[in-house]
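> have a look at this prediction, sequence included:
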Amino acid sequence: MRVTFGGTTHVGRKRAHNEDSFHLPGADKLAVVADGMGGHASGEVASKLAVDTVVEHFRATDEDPAVTWPFRMSQGTRMQQNRLVTAVKLANARIWETAQANAAQHGMGTTIVCALFLDEGKVVVTHVGDSRVYRVRDGELVQLTEDHSLINDYMKLKGLGPDEVADFPQKNVIVRALGMKEVVQVDVVVDQPRRGDVYVLCSDGLSGMVSDAEIGRTVTSERDVEVAAGRLIDAANARGGIDNITAVVARIE
């Protein structure tokens with residue numbers, strides 16, 4: 001499976017520091033986006049630690065993907081899927097341990113989304129928090145991830161309408177992130193891509209400012225993935241850029 005990748009990040013128009021981190025794939029075809037929280041001294045540390053840990057684990061286990069220490073392999077789980085879940089859990093453990101050892105970083109955390117493009121024609125997505133992965137196919141955008149946020153929980157439990165969602169007072173509260181607890185539940189989605197599909201990984205600085213419809217139109221109309229990622233950033237800033245913004249675009253060729 002041939003995939004082209006492009007990505008960029010921007011501090012936005014309201015923040016002094018960028019707490020987002022991201023990784024563009026090398027030979028492993030692994031893309032990662034993390035959105036840190038906890039302030040300048042902590043958010044940047046947490047997101048970078050998460051991305052670095054996931055990437056380092058993949059490199060260290062490249063020749064022996066059966067290595068899943070210190071987490072046990074789930075029965076029936078494909079090897080690469082388990083490898084990616086293990087990497088995210090390891091990142092959570094390192095963030096938690098770092099925060100416990102340093103009072104200045106206590107309470108830091110980060111969201112994370114990872115997309116691993118396998119040669120056998122599958123995409124494995126893991127995620128924790130409210131950063132997102134979208135797939136655009138034949139002009140139709142689908143959100144593959146589910147936000148681990150308070151507003152999403154309320155929407156599922158109480159069936160909030162559009163007006164109630166717009167007026168919800170705690171839109172930015174997330175209920176799951178790396179570093180919040182000693183252990184973390186990692187959600188997994190396995191998708192089967194088709195030629196021409198486009199995948200977008202992003203922090204909520206993009207999804208919170210730019211509509212799904214516009215994200216879909218942007219990556220459909222722009223063939224160059226690097227340019228498409230830049231246009232998504234520009235669109236978020238044009239609407240206020242109230243948060244850090246990160247976008248990674250992957251096109252199945």
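Received it, and whenever you're ready, just let me know what you need.
> can you pull the buried residues of the host helix or strand of R217?
Per DSSP states H and E: R217 is located in helix 212-221. Using 16 or more other CB atoms under 10 Å as the test for burial, helix 212-221 gives 214-216, 218-220. For the C-beta atoms, the positions are set from N, CA and C on the backbone; glycine is no exception.
> for the next helix or strand along the chain from that helix, packing partners?
As assigned by DSSP H and E, the chain's next helix or strand after helix 212-221 is helix 225-238. Packing partners of helix 225-238 (3 or more CB pairs under 8 Å, 6 or more residues apart in numbering; DSSP states H and E): strand 3-10, strand 198-202, helix 204-207, helix 212-221, strand 245-252.
> sorry, back to before: counting contacts, what elements does the helix holding R217 pack onto?
Against helix 212-221 (3+ CB pairs under 8 Å, 6+ apart) you get strand 132-137, strand 140-143, strand 198-202, helix 225-238.
> now do the host helix or strand of T86: distance to the chain's middle.
Element membership of T86 [criterion: DSSP H and E] is helix 79-101. Distance of helix 79-101 from the chain centroid (CA atoms, centre = their mean, to the nearest Å) equals 14 Å.
> related to what we said a few turns ago, between the helix holding R217 and strand 198-202, how many degrees?
Interaxial angle, helix 212-221 versus strand 198-202 (axes from the mean of the first three to the mean of the last three CA atoms, to 10 degrees): 130 degrees.
> just the residues contacting helix 212-221, thanks.
Helix 212-221 is contacted by residues 134, 136, 139-141, 143, 198, 200, 202, 206-207, 225, 228, 231-232, 235, 249, 251 when judged by CB atoms under 8 Å, 6 or more residues apart in numbering.
> which of the helices and strands packed on helix 225-238 sits closest to E44?
Of all the helices and strands packed on helix 225-238, it is strand 3-10 that lies closest to E44, at 11.5 Å by CB to CB.
> for that closest one, which strands pair with it and how are they oriented?
Within its sheet, strand 3-10 is paired with strand 245-252 (antiparallel), according to DSSP bridges.
> which of the residues in the strand it pairs with are buried?
245-252.
> what of stretch 23-31?
So, applying 16+ other CB under 10 Å, buried residues of stretch 23-31: 23-25, 29-31.
> got it, and stretch 8-16?
8-12, 15.
> now flag whichever of those is closest to M37.
For the buried residues of stretch 8-16, the minimum distance to M37 (CB to CB) is 12.0 Å, reached by R15.
> can you tell me the closest non-neighbouring residue to the closest one?
In this structure, R15 finds its nearest non-sequential neighbour in N244, 5.7 Å apart by CB to CB, 6 or more residues apart in numbering.
> ok, for H148, nearest residue in space, not its chain neighbours?
Using CB to CB, 6+ apart, the closest residue to H148 is R176 (3.7 Å).
> the one you found: how many residues sit nearby?
Using other CB atoms under 10 Å, R176 has 19 neighbouring residues.
> tell me the secondary structure for it?
Here R176 takes the coil state, with states given by DSSP: H, G, I helix; E, B strand; the rest coil.
> what separates it from D35, distance-wise?
R176 sits 13 Å away from D35, taking CB to CB, to the nearest Å as the criterion.
> where do the contact lists of the two overlap?
Contacts common to R176 and D35, judged by CB under 8 Å, 6+ apart, are G129.
> what strand or helix carries the nearest residue to F58 once chain neighbours are set aside?
Computed as CB to CB, 6+ apart, the closest residue to F58 that is not its neighbour in sequence is D28, at 5.4 Å. When elements are assigned from DSSP H and E, D28 belongs to no helix and no strand.
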